[in-house]
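# based on what follows, work out the 3D shape:
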Amino acid sequence: MPSMVGFSVAGVAVRPRAQLSAASSSGFLAVAARPGVVRRSARTTGVMEMGIKVAVVGGGPAGACAAETLAAAGVDVTLFERKMDNAKPCGGAIPLCMVGEFDLPESIIDRKVRKMKMISPSNREVDIGQTLKPNEYIGMVRREVLDAYLRDRAVELGAKAVNGLVTSIDLPPKGSDQPYTINYSDYEASTSGDNNARSAQFDVIIGADGANSRVAKAMDAGDYQYAIAFQERMRIPEDKMKFYEELAEMYVGDDVSPDFYAWVFPKYDHVAVGTGTVVDRPSIKKYQAAIRERAAAKLAGGKIIRVEAHPIPEHPRPRRVVDRMMLVGDAAGYVTKCSGEGIYFAAKSGRMAAESLLQITDNGEKLPTEKAIKNSYIKDWDRKYWATYKVLDVLQSVFYTNNVAREAFVELCGDEYVQKVTFDSYLYKTVTKGSPVDDIKLLFATAGSFLRANAFAPADVNKF
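Residues are numbered from 1 along each chain as shown. This next block holds a predicted model:
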């Protein structure tokens, strides 16, 4: 591969984007009549003369892992990302299985969390983590570091990275074999003073561009409920940072969120303090102020170094595949309720979508059909993860509805059996089957926790 001059984002090397080329080696032919437009070479029915061309819109974990998988198989893939140093407001927790499955180096993991505190509405603290084995942990990453690393790896394998904003997508007649045209603003051209309007044609589009996905809008994927996540990064005194060395905190209560939780998660040299809500998005700053107040003693002397906010989907979109366009990650709605986890599922969905595309196109030699994509990618995804999403959906509806339920939830988190099942499910991404006897005991324990919680849970202030 040609050598590239590197630069760094938060200590991780990132290569400059590869240019969209008009050279025949890339499979694009320039169209003189319309500067900035590149057009596909001639095609034959069904089978591609030069192989399919895939656009991945969005360069987070979902898009980067999709591009990496396709590039590794020799498919012509272009990755569009509007903000190469993007720092999404995200707790940044990744499960242990992701480190091995996606071959992540320890150098991009800021902290290995082995202890957690669950803090109830009445400020009762429960320590969890005693069931973890010595080699088990929850990884804490900064998104600008993780995302840059994954994009960099895709580029090394041959993906072309474009620093630009996709502005619109021109669709071919549904069911035809004609290409899609992606119109975008090339940010690198903007810095040089050139006209930055560009267009390029592709056979397949993978939308990995988040909750406000332009790809989803173009394919009429349907709306969904979304949360607003708000996060402040705070640099706190060294002695207080030491407290969070291997510790993460989760706060529940209708003061910090009427339907979710708030968090204090450790990063490399600071902590991330945030919260989220679906039902009361306009009041997100009020809830953020409340988590700062709840954790004030532990954050005393801290300085806010960055403020971030972003929409987070609450359930899958009604349509995740339309013709030869498919959605992955947040664009598809793959964030779990209760935990709000999305990084692993984003990366996994990008990889699974790309793997299914390789399978149904004979490694990029023929056009896929909507039916084939649904019968591979969508069916495989739903078969593997439907139960996980459903269980967490039920847990959120039971335990995040009022302060009595939240108090009971925190008390239950102190149970060793609950911790083992919860951590095993989270770390290894499987719904762990428990012991029938222990499950019955847990049922009675849950009832007891609700009864006790009625005695000291603070009254709900925010009711929805």
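# and the nearest residue to F345 once chain neighbours are set aside, what does it touch?
If the residues on either side of it in the chain are set aside, F345 comes closest to Y334, at 4.3 Å by CB to CB, 6 or more residues apart in numbering. For the C-beta atoms, the positions are set from N, CA and C on the backbone; glycine is no exception. Contacts here follow CB atoms under 8 Å, 6 or more residues apart in numbering; on that basis Y334 touches P313, P316, V328, G342, F345, A346, S349, Y385.
# adding distance to A272, write the residues you listed out as JSON lines.
Shown next, in JSON lines, are the contacts of Y334 (distance: CB to CB, whole Å):
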{"residue": "P313", "distance to A272": "20"}
{"residue": "P316", "distance to A272": "26"}
{"residue": "V328", "distance to A272": "25"}
{"residue": "G342", "distance to A272": "15"}
{"residue": "F345", "distance to A272": "20"}
{"residue": "A346", "distance to A272": "18"}
{"residue": "S349", "distance to A272": "24"}
{"residue": "Y385", "distance to A272": "26"}
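# who wins for neighbours among those residues?
Within these, most neighbours by other CB atoms under 10 Å means V328, with 34 neighbours.
# that one and G207 touch, don't they?
Yes. Taking contacts as CB atoms under 8 Å, V328 lies within contact range of G207: 7.0 Å.
# circling back to that earlier point, right, and the pair among the contacts of Y334 with maximum separation?
Greatest spatial distance in the contacts of Y334: P313 and Y385, 14.4 Å, computed using CB to CB.
# just to revisit the earlier point, mind checking pLDDT for the residue nearest to F345?
Per-residue pLDDT puts Y334 at 96.
# with the one 3 residues further on instead?
Looking at K337, its pLDDT is 86.
# right, and it touches V391 too?
No. K337 is not in contact with V391 according to CB under 8 Å; the separation is 9.4 Å.
# and the two? Which one has more around it.
Under the neighbour definition other CB under 10 Å, K337 and V391 were set side by side, and K337 has more, 22 against 15.
# quick one on the thing from earlier: okay, the contacts of Y334 in JSON lines with distance to L443, pLDDT and secondary structure next?
JSON lines is the format used below for the contacts of Y334 (distance: CB to CB, whole Å; pLDDT from 0 to 100; DSSP: H, G, I helix; E, B strand; the rest coil):
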{"residue": "P313", "distance to L443": "32", "pLDDT": "92", "secondary structure": "strand"}
{"residue": "P316", "distance to L443": "30", "pLDDT": "93", "secondary structure": "coil"}
{"residue": "V328", "distance to L443": "37", "pLDDT": "98", "secondary structure": "coil"}
{"residue": "G342", "distance to L443": "30", "pLDDT": "92", "secondary structure": "coil"}
{"residue": "F345", "distance to L443": "29", "pLDDT": "96", "secondary structure": "helix"}
{"residue": "A346", "distance to L443": "34", "pLDDT": "97", "secondary structure": "helix"}
{"residue": "S349", "distance to L443": "34", "pLDDT": "98", "secondary structure": "helix"}
{"residue": "Y385", "distance to L443": "26", "pLDDT": "92", "secondary structure": "helix"}
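# A helix includes L427, no?
Yes. Secondary structure of L427 (DSSP: H, G, I helix; E, B strand; the rest coil): part of a helix.
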